[in-house]
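Participant: From the sequence below, what's the structure:
(chains A and B)
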There are 2 protein chains.
Amino acid sequence: MPDKGTRPDLAAIRQAADRISGLVHRTPLLRSRSLDRMFDGKLHFKCEHLQRVGAFKVRGASNAVFSLDEKELGRGVATHSSGNHGAALAFAAGTRGTQAWVVMPANAPAIKKRAVESYGANIVSCQPGLANREAALQKLVDEKGVEVIHPYNDYRVIAGQGTVALEIMEQQGDIDLLMVPVGGGGLLSGSLLVIKELSPMVQVIGIQPALADDARQSLDCGKRVIIDSSNSIADGLRASLGDKTYPIIAKYVDDIVTVSEDAIRDATRLVWERMKQLVEPSAAVPVAALLEQRIELKGRRAALVFTGGNLDLDRLPWQKDF
Amino acid sequence: MPDKGTRPDLAAIRQAADRISGLVHRTPLLRSRSLDRMFDGKLHFKCEHLQRVGAFKVRGASNAVFSLDEKELGRGVATHSSGNHGAALAFAAGTRGTQAWVVMPANAPAIKKRAVESYGANIVSCQPGLANREAALQKLVDEKGVEVIHPYNDYRVIAGQGTVALEIMEQQGDIDLLMVPVGGGGLLSGSLLVIKELSPMVQVIGIQPALADDARQSLDCGKRVIIDSSNSIADGLRASLGDKTYPIIAKYVDDIVTVSEDAIRDATRLVWERMKQLVEPSAAVPVAALLEQRIELKGRRAALVFTGGNLDLDRLPWQKDF
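Facilitator: Down below sits the predicted model:
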């Protein structure tokens, strides 16, 4: 049983992998001849857009929900989420047979709201911004006594997300570089805890939209900076680091780089056109960093995480009025 | 060396598989929990949208180009094509180091024109419609003495396309039904020649847009019907059967079913949303047939071919002004 209050080590992340192995997919690691040629390196794409619920978030949510004891479970679980974690928690709660409440900002993509509902969870709508989300969640805790499963600032969630890096190293251990999109930092901190213990020679770089560059700013200032709201097209990366993810990232990450909105759109389209993989803009930020030469491959072997594939398909991310 | 004038048998298609094995990908056969549940069966998706050039057409074009002797090769190759065969022939010719000329209708998608050009082939533009295409091609033959590689009405091409079915049967021999999109019938006739010799108990159904239902009409009339031009959104399926593909299909196919334009759009979107695979509308017609209940799975195991993934991404297939 993982301790909610203890930072997970490699052993705890291996336990998480065992706990969720029957619940989530072992996703493929794709190659692309065309992108390898374009960026002069060897790229391995971890396809979490093909994961259950369409995003890696199902790993952390499942690890957390399946760690709860019967008493905690009986009152149900709740979270606030820009979408993918909400759907993931709804899925995990439904699979374990308990209720889920999901606080979502009013401007969250419709497809993400529908996904949460389709797994049988209850949506509680709020105004955008971290403070509004947290207030709405606290109200649920006070009124219903639910167990909060935070989208990233929770060691059980961080351990679950770390299983992505564990699988990458099992599938292709021979890499020089791991590139990870950064929102609240759950995936990056979980990945760092794996890599720095298992393969400390692998460089780990986090990528953020310049419009939501709290992690970059935090490293520059030496303390955690919070950006209260962002309009980046990478809607999964608008959150800021938490007090559990920030120290792990500050200690272990090799670099955080930022990318423009144009590069995120171009990268998303590039992945769609060349790889025929429908990833959401948040998932394309590592490719955006390659396009803008914020990261140089130069013959290196790299892995990156396609974090999710959930987006509104009523129009395209690169259409003007989006 | 295959005889251009002889209908290929299973042995000839196995030879084609050997000939092209270093040139084309062995594409994966994907599953989808969500579509299996929706249609109450076991579906296997042959991912030719992940093939070189983004379509199965590279198999037939490569088999044909790499069957030519040095003398035929020296004059170059030519074809008319709505796009994917043109790009495939350009790729195959470039790989073997000879020139390619591609006759394309003026209304072909821009992305398909760019693909042909990117492989170093010469585009010869013509008006839409089979007669116009064939006239432009004949002019090239008369003036340059090129070897014509027809997009489907060529036994070397049919043998190459048949390797799709060969691979499916190697990857998952245990199927009851194979569903294949039908344009000019190269893929369907090649698949039939494999299945009827290798696994005659497997039912094979061809699927066409109702707006380009020449194969359905041909079966009904007992003779080959030609539809001179079509505006179906499934731009890869606007061609009519040829005198080499029609007799094979008439003799062996279990059924040809047709689907509406709305169902093609819905099916394309369904595959994008649920499977995160970017297939072109032509590739989604088998799923459209399931949506419209033209084909019932009812617990059966089926394979279908995602024939390609090349489409203009300036707007979405289901956007109104498309």
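Participant: residues in contact with the closest residue to A:Asp174 other than its chain neighbours?
Facilitator: Excluding the flanking residues, the one nearest A:Asp174 by C-beta to C-beta, 6 or more residues apart in numbering or on different chains is A:Arg301, at 6.2 Å. The way it works is simple: take the backbone N, C-alpha and C, and place the C-beta from them, glycine included. For A:Arg301, the contact set (C-beta atoms under 8 Å, 6 or more residues apart in numbering or on different chains) comprises A:Gly41, A:Lys42, A:His44, A:Gln172, A:Asp174, A:Ile175, A:Asp176, A:Leu177.
Participant: how near is A:Arg301 to A:Gln293?
Facilitator: 18 Å (C-beta to C-beta, to the nearest Å).
Participant: Check the average confidence over the longest helix along chain A, would you?
Facilitator: The helix spanning the most residues in chain A, taking DSSP state H as the definition, is helix A:155-171. Looking at helix A:155-171 alone, the average pLDDT works out to 98.
Participant: What strand or helix carries the residue nearest the centre of chain A?
Facilitator: Centrality entry for chain A: nearest residue to the mean C-alpha point is A:Leu187, 5.1 Å, by C-alpha atoms, centre = their mean. Counting by DSSP states H and E, the element that carries A:Leu187 is helix A:186-198.
Participant: Give me the next element, helix or strand, following that helix.
Facilitator: Next along the chain after helix A:186-198, taking DSSP H and E as the criterion, comes strand A:203-209.
Participant: who's in contact with the residue of the stretch 51-200 of chain A found nearest chain B?
Facilitator: Of all residues in the stretch 51-200 of chain A, the one sitting closest to chain B is A:Gly54 (6.8 Å; C-beta to the nearest C-beta). Taking C-beta under 8 Å, 6+ apart, we find A:Gly54 in contact with A:Asn84, A:Ala87, A:Ala115, A:Gly308, A:Gly309, A:Asn310, B:Lys276.
Participant: now those residues: which count as buried?
Facilitator: Among the contacts of A:Gly54, those buried by neighbour count (16 or more other C-beta atoms under 10 Å in any protein chain shown) are A:Asn84, A:Ala87, A:Ala115, A:Gly308, A:Gly309, A:Asn310, B:Lys276.
Participant: Can you tell me which residues in the stretch 201-322 of chain A are near chain B?
Facilitator: By C-beta under 8 Å from any C-beta of the partner chain, the residues of the stretch 201-322 of chain A that approach chain B are A:269, A:272-273, A:276-279, A:309, A:313-316, A:318-319.
Participant: most distant residue from the middle of chain A?
Facilitator: Centroid-distance maximum for chain A: A:Glu143 at 29.0 Å, with C-alpha atoms, centre = their mean.
Participant: That one is in what secondary structure piece?
Facilitator: Taking DSSP H and E as the definition, A:Glu143 sits inside helix A:130-144.
Participant: partner strands of whichever helix or strand comes after that helix, parallel or antiparallel?
Facilitator: Read in the C-terminal direction, the helix or strand following helix A:130-144 is strand A:147-148, with elements assigned using DSSP H and E. Sheet pairing of strand A:147-148 (DSSP bridges) gives strand A:77-80 (parallel).
Participant: The strand it pairs with: how far from the chain's middle?
Facilitator: The offset between the C-alpha centroid of strand A:77-80 and the centroid of the whole chain comes to 16 Å, using C-alpha atoms, centre = their mean, to the nearest Å.
Participant: And the contacts of that strand?
Facilitator: Strand A:77-80 is contacted from outside by A:64-65, A:68, A:85-86, A:89, A:92-93, A:98-104, A:126, A:133-134, A:136-137, A:140-141, A:144, A:146-151, using C-beta under 8 Å, 6+ apart.
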